[in-house]
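**Q** Sequence first, predicted model second:
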Amino acid sequence: MARLILCAGLIASLVAGQALGGEEIGSVSTRFKMLGPNDKVVIEVFDDEDVPGVACYLSRAKTGGISGAVGVAEDTSDASIACRQIGPIKLSEDIRSGKADGEEVFKKRTSLIFKTMQVVRFFDAKRQVLVYLTFSDRVIEGSPKNSISVVPIQPWPGAVTGGK
C-alpha cells in the first residue's frame, strides 16, 4: 500500500511538472467540491524561448475533487490564449523562412496519460505576424476547441533601428 501511495505521488508530481516554461499567475474557483480542491480556471504565462520578446498568457480549466488532487483527473479542453510583445523581437532564420512553422512552444498534460494542451507557433511572412494556436489533443480523439493570438513584428520603442 505504501508503494502505491508513493507511486501515485510521483506520478502526480510528474504530471504537475509537465509545463515547458509555464508559470502560474493565479486562478479562480468555478465549482465547489466537497472533497478535494475546487474546479478552477488557471492563468499561466510562458515566454517563447525561440522568440525573445514574446510572452503568452494561457487560461485553462483545471478539474478539482479527489481525482484532481491526486493528479488523475482529466481537464476539459477549454482554453484561451493572449500573446504580447514584451521586448524587442528577434526571429531566427528558421522562423523567417517558415521552416519552424507549426512549432510547439508550450505543452502541458491535462490528464494522467492521454491528453495534452499545446501551443503551436506559425509565422505569417506576408503580414509580418506570429500566430499562436492553443488546442487540446488526445491519443485517440482530439478536440476542435481552440484559440489563437497574433503578435505583430514591430520595432520596440527605444530600440536602435540604425538610422538618424
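**A** Perfect, thanks for sending it. Please read these numbers as outputs of a predicted model, since none were measured by experiment.
**Q** Now do the contacts for I25.
**A** 43-45, 57 (Cβ atoms under 8 Å, 6 or more residues apart in numbering). C-beta here means a position set from N, CA and C on the backbone, and glycine is covered the same way.
**Q** please redo it, this time with the cut-off set to 7 Å
**A** By Cβ atoms under 7 Å, 6 or more residues apart in numbering, I25 lies in contact with 43-45.
**Q** Kindly report the same for I95.
**A** I95 touches 50-51, 123, counting by Cβ under 7 Å, 6+ apart.
**Q** go on, E103?
**A** 120-121.
**Q** repeat that with 6 Å
**A** R121 (Cβ atoms under 6 Å, 6 or more residues apart in numbering).
**Q** From here on, call the first residue 211.
**A** That works, and once the first residue is 211, the last one we named lands at E313.
**Q** For beta bridges, what are the partners of it?
**A** Beta-bridge partners for E313, by DSSP bridges, are R331.
**Q** And it, what's its pLDDT?
**A** Reported pLDDT at E313 in the predicted model: 89.
**Q** now S223
**A** For S223, the predicted pLDDT is 38.
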